[in-house]
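> Fold the stuff below for me.
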Amino acid sequence: MKVTIDHSPLTDHIGGRGRVMRLLPEQPQRSVIGAGIGGSATANFLRQHFGPEVQVDVFEKGEVGGRLATVTVNHHDYESGGSIIHSLNLHMQEFVKQLGLKYRRNVAGKTAVFNGEEVILEETDWYLLDLFRLWWRYGISFIRLQMWVEEIMEKFMRIYKYQAHGYAFSSVEELLDSLGGSGFINMTRRPLSDSLLELGVSQRFIDEVIAPVMRVNYGQNVSIPAFVGAVSLAGAQNNLWAVEGGNKLVCSGLLKMANANLLQAQVNSISPVYSGEVPQYQLSFTTAAGMGSELYDIVVMATPLQAGVRSGVQFQGFNPPFEQLPGNYHSTVATIVHGYLNTSFFGFPDPRLFPFASVLTTETPDLFFNSVASVCPVNISTGFRRKQPQEAGVYKVFSPQPLDKAQLKTLFRSYYSVQVTEWQAYPSYGSSQGLPPVELHPNLYYLNGIELAGSAMEMSSVAAKNIALLAYHRWNRQTDMVDQKDLMHRIKTEL
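Down below sits the predicted model:
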């Protein structure tokens, strides 16, 4: 069995794209289009479920890793894309363990919130003092929020049990319903702000704490769906980690573990070919050597198909014609600056008195950036220390638009280098219209639809596992393993 995957760079929280699996003659042929974390994880899971005889071809027109990417400053690499992973992300943890990768050493740093005029909230060295300040300013809003997020995460964690027992879901709605019932589905349709106000969280807390977190994680405001917001808030808590050497190493490692054949190519079109009741799919692609094509029994699209995201893949010969999925992707600019932060802009004329490693911002009309943070390289030596504000350091600025010279001079007293990466980072949640299908056509699957529910490395990994299981069960006509109800009871009965 031969499998092919196509990788295309994208911007998680800044994942990517995978493409095709091709089989040897007289054997089933598989493919994955896209090789960010979603596509590379799909290749790995397809290998697990379809066996060692599968050959995995991976098409990638850009860099493996997609939205997991790095840039180099002074001979050190820094994350320009998805940079943090939560401790409850069990698939990512398992990948790191299987690949023999290491957790990057954590370098402590304090966070502040800036409203355009002054710092309104700041982290200290004393946890109890921080809690007292939160209570004094916001009452018990932060406690209500934490209990809400923990309840959602506890329900979401059921997915690992379901997947460990081999169960799959034919749609994002079915998956969410199995975890949290209609409550989770409703959370994908209701603004985060409405859900929090109903919970008893104050408007002030939403404006000064929740909104800055949404701005740094998704570049959007508190009108995003509640489920997306909960995913984002879970990622804003403690117990976060990253991979030594760069998070993108997980993607290249998964492809290697899957024994994937990486092809630098752009997949141009997918066309159904009927010789029986169920179609195969002809993939046409372009490499540096010229044009090519291949026939596959299963294709997994692991690249966004919404407007504004240029996957470059055309769907030809489908009846009815394949329609572009609704919604679009949000543009976020990551600017890596090597220079001296202008701490006076934040109310600290003496940079030696500026205690923060990162500054988040409230939703204020005049603010042109979402966050600025001192960042550490992906390889941290034992003696490494974070640069002090009076020293030249490396900073990552998230903004909705590229920074012009005047804006750079506002944030930095001076700088040596500026590197800009513009990501189509995650869905534009305000314009999303429902959740896209997982099954586009018989044996043609779409991974990135899960991002409309929540965009993060682990969400893509969960979707990858689900699609590999779904493809396997559909291929073997194991209907009793798809879209089953009351799974917690079923699993307890099986045990």
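
> In three-state terms, label the closest residue to residue 313 other than its chain neighbours for me.
With sequence-adjacent residues excluded and distances taken as C-beta to C-beta, 6 or more residues apart in numbering, residue 313 is closest to residue 267, at 5.4 Å. Every residue, glycine included, has its C-beta placed from N, CA and C. Under the three-state scheme (DSSP: H, G, I helix; E, B strand; the rest coil), residue 267 adopts strand.

> so how many other residues sit close to residue 267?
Neighbours of residue 267 under the rule other C-beta atoms under 10 Å: 32.

> Quickly note the distance from it to residue 464.
Distance of residue 267 to residue 464, computed by C-beta to C-beta, to the nearest Å: 18 Å.

> same thing with residue 68?
The gap separating residue 68 from residue 464 is 14 Å, by C-beta to C-beta.

> same deal with residue 80?
23 Å.

> tell me, what's touching residue 68 and residue 464 both at once?
Jointly contacting residue 68 and residue 464 under the rule C-beta atoms under 8 Å, 6 or more residues apart in numbering are residue 37.

> pretty sure the residue nearest to residue 313 is touching residue 312, no?
Yes - using C-beta atoms under 8 Å, residue 267 is in contact with residue 312, at 7.3 Å.

> Now do the helices in the stretch 351-495 of the chain.
Applying DSSP state H, counting those that start in this stretch to the stretch 351-495 of the chain gives helices spanning 405-411, 457-475, 487-494.

> winner for burial among those helices?
With neighbours taken as mean count of other C-beta atoms under 10 Å, those reach their highest mean count in helix 457-475, at a mean of 25.

> Report the distance from that one to the chain centre.
Relative to its chain's centre, helix 457-475 lies at 16 Å (C-alpha atoms, centre = their mean, to the nearest Å).

> tell me which strands and helices it is in contact with?
helix 37-50, strand 85-86, helix 90-99, helix 158-164, strand 298-301, strand 444-446 (3 or more C-beta pairs under 8 Å, 6 or more residues apart in numbering; DSSP states H and E).

> Mind telling me which of those the model trusts least?
Per-stretch mean pLDDT for those is lowest at strand 85-86 (a mean of 84).

> For that strand, name the packing helices and strands.
Helices and strands touching strand 85-86, by 3+ C-beta pairs under 8 Å, 6+ apart, are strand 240-241, helix 457-475.

> Of all these, which one is nearest residue 370?
Closest approach to residue 370 among the helices and strands packed on strand 85-86 is made by strand 240-241 (18.2 Å; C-beta to C-beta).

> Show me what the closest one packs onto, helices and strands only.
Packing partners of strand 240-241 (3+ C-beta pairs under 8 Å, 6+ apart): strand 85-86.

> In space, what's closest to residue 375 - neighbours in sequence excluded?
In space, residue 375 is closest to residue 396, 4.8 Å off (C-beta to C-beta, 6+ apart).

> Go ahead and confirm that neighbour touches residue 336.
Yes - at 5.7 Å, residue 396 and residue 336 qualify as touching, with contact defined as C-beta under 8 Å.

> okay, and the common contacts of the two?
Shared contacts of residue 396 and residue 336 (C-beta under 8 Å, 6+ apart): 78, 80, 375.

> State the number of residues packed around residue 450.
The tally of other residues near residue 450 (other C-beta under 10 Å) stands at 25.

> And for it, nearest residue in space, chain neighbours not counted?
residue 463 (4.1 Å).

> For the one you found, give me the pLDDT.
What the model reports for residue 463 is a pLDDT of 97.

> For it, list the residues it contacts.
Residue 463 is in contact with 38, 447-450, counting by C-beta under 8 Å, 6+ apart.

> Likewise for residue 227?
So residue 227 contacts 152, 176, 184, 187-188, 453-454 (C-beta under 8 Å, 6+ apart).

> Show only the entries of those found in strands.
Using DSSP state E, no member of the contacts of residue 227 falls in strands.

> What subset of those residues is buried?
152, 176, 184, 187-188, 453-454 (16 or more other C-beta atoms under 10 Å).

> Reformat those residues as CSV; add distance to residue 86.
CSV is the format used below for the buried ones among the contacts of residue 227 (distance: C-beta to C-beta, whole Å):
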residue, distance to residue 86
152, 13
176, 19
184, 18
187, 18
188, 20
453, 16
454, 12
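
> Mind checking which of the shared contacts of residue 396 and residue 336 land in strands?
Taking DSSP E, the ones among the shared contacts of residue 396 and residue 336 that sit in strands are residue 78.

> Return the closest of the shared contacts of residue 396 and residue 336 with respect to residue 441.
Using C-beta to C-beta, residue 80 is the member of the shared contacts of residue 396 and residue 336 that lies nearest residue 441, at 35.0 Å.

> Report the residue ranges of every domain in the chain.
In terms of domains, the chain is parsed into 2-67+245-328+430-494, 70-87+105-148+189-244+329-429 (source: automatic domain parsing).

> Out of the ones you listed, which is the most enclosed?
Highest mean neighbour count among those (mean count of other C-beta under 10 Å): domain 2-67+245-328+430-494, with a mean of 22.

> For the contacts of residue 463, work out which two are farthest apart.
38 and 449 (10.6 Å).

> Let me know the secondary structure of the nearest residue to residue 485 once chain neighbours are set aside.
Nearest residue to residue 485 in three dimensions, chain neighbours excluded: residue 178, at 7.7 Å (C-beta to C-beta, 6+ apart). For residue 178, the assignment made with three-state DSSP gives helix.

> quick one, what contacts residue 178?
Residue 178 makes contacts with 158-159, 162, 169, 485, 487, as judged by C-beta under 8 Å, 6+ apart.

> can you tell me how far it sits from residue 449?
Distance from residue 178 to residue 449, by C-beta to C-beta: 16 Å.

> what does stretch 89-106 rub up against?
The contact list for stretch 89-106 (C-beta under 8 Å, 6+ apart) reads 41, 44, 85, 87, 157, 160, 241-245, 249-250, 253-254, 257, 376, 378, 380, 384, 456-458, 461-462, 464-465.

> how distant is stretch 203-218 from the center of its chain?
19 Å.

> quick one: average pLDDT of that stretch?
What stretch 203-218 shows for mean pLDDT is 95.

> just checking, residue 234 touches residue 149?
Yes - assessed by C-beta under 8 Å, residue 234 is found in contact with residue 149 at 5.6 Å.

> roughly how far apart are the residue lying closest to residue 166 once chain neighbours are set aside and residue 492?
Nearest non-adjacent residue to residue 166, counting by C-beta to C-beta, 6+ apart: residue 481, 5.6 Å away. Distance, residue 481 to residue 492, using C-beta to C-beta: 17 Å.

> Same question for residue 189.
From residue 189 to residue 492 the distance is 31 Å (C-beta to C-beta).

> What of residue 388?
Going from residue 388 to residue 492 by C-beta to C-beta gives 55 Å.

> got it, and residue 421?
Noted for residue 421: a distance of 47 Å to residue 492, by C-beta to C-beta.

> same deal with residue 279?
39 Å.

> my guess is residue 459 contacts residue 451, does it?
Yes - counting by C-beta under 8 Å, residue 451 is a contact partner of residue 459 at 6.7 Å.

> Now do the phi/psi pair for the residue nearest to residue 153 when sequence neighbours are not counted.
Nearest residue to residue 153, sequence neighbours excluded (C-beta to C-beta, 6+ apart): residue 234, at 5.5 Å. Residue 234 has phi and psi values of phi -60, psi -40 when expressed as degrees, to the nearest 10.
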